[in-house]
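Trainee: pasting the sequence and the predicted coordinates here, then a few questions.
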Amino acid sequence: MHDESRRIEERVQRLHDQRIKTAVYAATVPFEVEAWQAPGEPVPFEEAAAASYRPFAMGTPWGPPWGTTWFRMRGRVPKEWAGRRVEAVIDLGFVGDWPGNQAEALVHLTDGTPLKAVNPLNQYVAIANPAQGGETVDYLVEAASNPDILADDFATPTPLGDKLTAGDKPLYTFRAADLAILDEEVFHLDLDVQVLRELMLELGEHDPRRHEIAHALDRAMDQLDLDDVPGSAAAVREALKPVLSKPAHASAHTISGVGHAHIDSAWLWPIRETKRKTSRTFSNVTSLADEYDDFIFACSQAQQYEWVRDHYPKVWARIQESVKNGQWAPVGGMWVEADGNLPGGEAVARQFIHGKRFFIEHFGIETKGVWLPDSFGYNAAYPQLAKLAGNEWFLTQKISWNQTNRFPHHTFWWEGIDGTRIFTHFPPVDTYNARFSGVEMSRAVRNYREKGGASRSLAPFGWGDGGGGPTREIMERARRLADLEGSPKVVVEHPDAFFAKAREEYPDAPVWVGELYLELHRATYTSQARTKQGNRRSEHLLREAELWATTAALHAPDYAYPHEKLDRLWKTVLLHQFHDILPGSSIAWVHREAEAEYARVARELHALTAEALAALGAGEARVFNTSPYDRAEVVRTADGAPAYVRVPASGSAPLADTAPPQPVTVHGRILDNGLVRVEVAEDGTLSSVRDLRAGREVLAEPGNLLRLHTDLPNHWDAWDIDKHYKNRYTDLLDATSVTVVEQDPLIGALRVERSFGKGSTITQTITVRAGSPRIDFETDIDWHETEKILKAAFPVDIRAPHSSAEIQFGHIQRPTHTNTTWEAARFEVSGHRWVHLGEPGYGVAVINDSTYGHDVSRTVREDGGTTTTVRLSLVRAPRIPDPEADQGRHRLTYALLPGATIEDAVAEGYSLNLPLRVAESAGALEPIVSAEGEGVTVEAVKLADDASGDVVVRLYESRGGRATGTLRTGFPLAGAQITDLLERPLQDAETTDGAVPVALRPFQILTLRLRRG
C-alpha cells in the first residue's frame, strides 16, 4: 500500500477546521442590543436593571480597562426553529482563547437570576431543547472589560495592571450576539473527528492503529457533502463508528478525570474581580452538571464559596444542590490555595481549620485531601499539618515545572520533618487545565513514572487560572476516551475515589523525604517586600491579640473574647496568603490593596490587644512578653528611654529597670557589651565581630556587605531569579557617613548612610544592647532601582556542612555543597525568622523580621579555613506584571546572632518578631500557660472556637530532637484533651498537679484543649 498519510492528515484537518466546525450552528438571527456603561466599580444587578440603556450596534468598541458594561439583549426564536436546539451565542470581541484574562460576562434573566457565563471557549447560553418557536428571550448581561495583561506573554511592562494607570480607551470590539440553532449531529461529528485525529497524530508511525484511524477518517470524509454538511453529518458519523468503538487495551493506563476550574483569588486581576469570576465559573459548572449526569467537579478554596454565598445566593443554592447530587466535590480543605512556603506555621494550621470547617458547616462534608496544584513549592511541615487536619492525601502538579531535575515519582508517600507521611500524587498530564487532547493523553502515559508498579493517574480538566472551568466539549471528549483503542482509558470520578484506588493498587509506593522544592519561581520569596512584611507582622500581631485576649477573658469578668473580630481578621490574612498575592506575582492593583489591608489589620489588632490589656485594670507600667521564651532585654519606655527588664514567657513584669550583666561602650566605630565587640569600617561594613564569650572572630570577611545585583530572569520577572544574576553586581562600599547615634549603658548604635544607583538610599542603624549578643541592623531603604536585587551578606568563619532554616513548626537542613544538580538548583531558598550555620561547638544565626529569600554558599580559604556565607535577599525590582514593584520605602530589621544554638535562634526569632509591649495595666498575673522542657515551644494560645471557654494551646518541638516537659497553666485546670487542628478531641491528656506532662518526637505538633476548673 502506498503511504498517503500526509494527504489524509491534511485533508482531515482542512475539512474539520473549515467545513465541519463552521457548520455547528445551522442558522442565526441577531439580538437587539442596548448598552449601559457602569460608572466606576461594578454595581448590583438592581442598579443595572434600573439604568437607562442606549442602542448598541455590533462592531462597536466597548469596555475601558477594568470597566463594566451592561447589555440588554432581546430576541424572539423564529417559529420555523420549532423542534430544534436553540442557544444564545455571544462574542464580546474575545482575543485569543484563554478565558481568564480578558472580556467575560455573566448572563442574567430580567429578574436577576444568573444563568451562565460567556467566555472565548464557552460562548453559548442554552435557551430551549427543543424549541417551541416564538419564545421571547430577554437578558441582562454584565460584561467585564478586563485587560489582557498577557497580551505579549509578559515580554514588556504594562500600565494596565491598575485602574489608576490603565486609562479609559475601549479594549474590545463587540462581534456578535445571536440566537442560533445548534446542529447536534454536526456538533458530535466535530468531536468525533477531533478525538480521532488527535489520537492518530500521537500514535507511532509504525503503529497499525494510527493507519487504521487515518484510513477510516479518509473514507468518512468521502461521505461529507461539502454543500450540505448538516445533511451528511449522520452518514460521516456512521462511517466512523467502527473505529470509535474499538475498546482500549486491557493494560491501558487509566486516567481519572475530575472537573476543575483553577481560579486565582487574585493575580492579573484584583480580588473584586475574582468575586465575579467565581459567580461566572460556578454558574457554568452547575449548568454543565444539569446537562451531564456523569460530570463531577472538584472545587477548593472556601473563601471563594463564601464570596458566592454572600453575593450570589442563587448560584450558591445551585452549588448546594450539585453537592447533594454528588456532582460537586469540595476539596482541599483550605481557606485559599495558599503559597506553600511563606505562610507561618500557625497560619497554615488556620488555613486548614477555616477551610475544613466551612465545608463541614455548609455541606456536611469533611474533605479528605490537600489540593494545591499551582503553589510554588511545598514546605516539609505539610504532611503533619495535613494529617492533623484529618487529610489522607495531597495533590499538586507544580513540581513538573522544575528547571533542572525531573522529579522521580508521580505517586508516592511524602514524609515531613517529623516523620509523618501522606499519600501524594502529581498528575503526569502536567497541567491542572486538561481538556483531554491527544497530546495531553499521550503525555500523561509517556511521563508516568510508576509504570510496572501502578497504572492510574489523575487529570483535573477544565479551563483555569482565571476560571472558566469544564465545557461540554471536554465532557464529550471524556466520553469518547472512556474505552478507545490506542488511548488511555478516561473515567470521570471524585478525587477521593481516585486516591482510594491508587493507594490500594500501590501500597508500597516510594517515599520522598523533606521539602518539595520547586526549581523555579525562586524570586517569589522576595518580590513585593511590603506585602510579605505585612503578612509576617499580621501573623505575629494575631498571636499577640489572641494571647492577651485569652488572658483578659480568664481574668476580667466583664471582658468578652472577640471571637468574631479575630475570625474576620484571620480570614483577611489567610486570603492574602494566596499563591499569587503573598509571593508578589500579581498586578499593581492587588499589591496596593494588600498593603492597605495589612495596615488596617495592624490597626485593628493593636486596638484589640490594647483593649485586652486595659481590661485587666488600671495600674503601673508593665512590660508584656508574647514570646514563648523568657526574655531579659532592653525595652523603650514611654518617653523613649531604655530600660533593662526581665519578663517571663507569655507573661508580664513591671517596667522596672534592672541592672544588666555589663554596660555597652562605644569607642569611635566600635560597639562592645562584654558579650560581643563589633567594629564598623569606614565603608560601613563590619570589619570584625568578636564573640567575647567564645574568644573567637565570627567573620571571615567583611560582614553586612550590601551587594546590588543585576536581576533580569529569562522569563516571569516577578517569579524568577536565574543563576546568572550572581555574575554582575556592585558592592555598596561608599558610605556617605558613619556616625554614633546612641551612646548609653544599655544601647550603643551607629548609623550608616549610603546612596547609590537611580537615587536610592539606605540608612542602617547598627545596634548592640546590654545583655544580648544580638547585633541588629535596622534598615530604611528608599528604593528606585529597576531589575535589581539587593542582598546582605554575612561570611562567617564556620565550616557548616548544612544550613538550617526555620520553616513552619520546625526547621529544615540544606547542604551547603553543590555535589549534585539537586543541591546546585537550590541557589535561592526560603526560610522564616532565622537561618543557622553551625559546626561542632559553635554556631551563628541570622535573624529577620520580614524577609524570606536567602542563599548559602561556602568556600575554602588559602589558610585552609572555610567561609560559609549566608545572604539575605532584601528587595527586588521586577517590572512585570507590576512595573512599579517594590519602588519606594522599605523598613525592616535583620540581626546577626554570634554563638547561637538552634534553640537560641528559635528564641531570638520570636523576640525580634514579637517586640515587648509596654502598657499601663494591672496585669500582675501568672502567664496563662508556660512550657517547661527544652524544645517544648508554645505557638498559639486562644479560646476554643466553639465559644465553650476552653483554652486551646498549640505547641511543638522546635530543636529537632525528642522533648519531654510540662505545660503549666495560670488558671485552675479541670481536664485536658489532645485534639486535631479543628479542636476535636482525639484522646484525653494526662494531668498531674494541675499541669499536663508532654512528650514530643522531633518537630511534633500537639494541640491541647484545656478545660477550666
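Mentor: Looks like it came in fine.

Trainee: looks like Leu518 contacts Gly377 (just checking).
Mentor: Yes - contact status for Leu518 versus Gly377: in contact at 3.8 Å, counting by Cβ atoms under 8 Å. From N, CA and C alone the C-beta is placed, and that goes for glycine too.

Trainee: what touches both of these two?
Mentor: Shared contacts of Leu518 and Gly377 (Cβ atoms under 8 Å, 6 or more residues apart in numbering): Lys398, Ile399.

Trainee: what residues are up against the residue nearest to the spatial centre of the chain?
Mentor: The centroid of the chain falls nearest to His579 when counting by Cα atoms, centre = their mean (2.1 Å). Neighbour list for His579: Asp264, Val336, Glu337, Ala338, Asp339, Gly340, Leu372, Asp374, Ser375, Phe376 [criterion: Cβ under 8 Å, 6+ apart].

Trainee: same for whichever strand or helix holds Arg592, what does it pack against?
Mentor: Using DSSP states H and E, the element containing Arg592 is helix 588-615. Applying 3 or more Cβ pairs under 8 Å, 6 or more residues apart in numbering; DSSP states H and E, we find helix 588-615 packed against helix 529-555, helix 563-575, strand 917-920.

Trainee: which parts of it are buried?
Mentor: 588-595, 597-598, 601, 604-605, 608-609, 612-615 (16 or more other Cβ atoms under 10 Å).

Trainee: likewise stretch 932-948?
Mentor: Buried residues in stretch 932-948, counted by 16+ other Cβ under 10 Å: Gly933, Gly935, Val936, Thr937, Val938, Glu939, Ala940, Val941, Lys942, Leu943, Ala944, Asp945.

Trainee: ok now it, how far from the chain's centre?
Mentor: 26 Å (Cα atoms, centre = their mean, to the nearest Å).

Trainee: that one: end-to-end distance?
Mentor: Terminal residues of stretch 932-948 are spaced 27 Å apart (Cα to Cα, to the nearest Å).

Trainee: quick check: mean pLDDT of it?
Mentor: Stretch 932-948 carries an average pLDDT of 97.

Trainee: let me see the ranges of the helices in the stretch 801-950 of the chain.
Mentor: For the stretch 801-950 of the chain, the helices defined by DSSP state H, counting those that start in this stretch occupy 821-824, 902-913.

Trainee: need the contact partners of the last one.
Mentor: If you take Cβ under 8 Å, 6+ apart as the criterion, helix 902-913 is touched by 536, 540, 627-629, 631, 633, 774, 776, 804, 806, 811, 832-834, 836, 838, 843, 845, 847-849, 893, 895, 897, 900, 934-935, 937, 958-960.

Trainee: quick check: phi and psi at the residue nearest to the centre of the chain.
Mentor: Per-residue torsions, His579: phi -80, psi 10 (degrees, to the nearest 10).

Trainee: re earlier: Thr113: which of the buried residues of stretch 932-948 is nearest?
Mentor: The closest of the buried residues of stretch 932-948 to Thr113 turns out to be Asp945 (Cβ to Cβ; 35.6 Å).

Trainee: name the SS class of the closest residue in space to the closest one that isn't next to it in sequence, please.
Mentor: Excluding the flanking residues, the one nearest Asp945 by Cβ to Cβ, 6 or more residues apart in numbering is Glu983, at 6.0 Å. Put simply, Glu983 is coil when judged by DSSP: H, G, I helix; E, B strand; the rest coil.

Trainee: what is the burial count for Glu983?
Mentor: Neighbourhood size, Glu983 [other Cβ atoms under 10 Å]: 20.

Trainee: go on, Asp228?
Mentor: Asp228 sits with 10 neighbouring residues when counted by other Cβ under 10 Å.

Trainee: so where do the strands sit in the stretch 351-500 of the chain?
Mentor: Here the stretch 351-500 of the chain has its strands, by DSSP state E, counting those that start in this stretch, at 369-371, 393-395, 411-415, 421-425, 456-461, 489-492.

Trainee: include mean neighbour count, mean pLDDT and distance to Lys79 when you put these into JSON lines, please.
Mentor: As requested, the strands of the stretch 351-500 of the chain are exported to JSON lines (neighbours: other Cβ atoms under 10 Å; pLDDT from 0 to 100; distance: least, Cβ to Cβ, whole Å):
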{"stretch": "strand 369-371", "mean neighbour count": "27", "mean pLDDT": "98", "distance to Lys79": "49"}
{"stretch": "strand 393-395", "mean neighbour count": "23", "mean pLDDT": "98", "distance to Lys79": "51"}
{"stretch": "strand 411-415", "mean neighbour count": "22", "mean pLDDT": "98", "distance to Lys79": "57"}
{"stretch": "strand 421-425", "mean neighbour count": "23", "mean pLDDT": "98", "distance to Lys79": "54"}
{"stretch": "strand 456-461", "mean neighbour count": "26", "mean pLDDT": "98", "distance to Lys79": "39"}
{"stretch": "strand 489-492", "mean neighbour count": "22", "mean pLDDT": "98", "distance to Lys79": "39"}
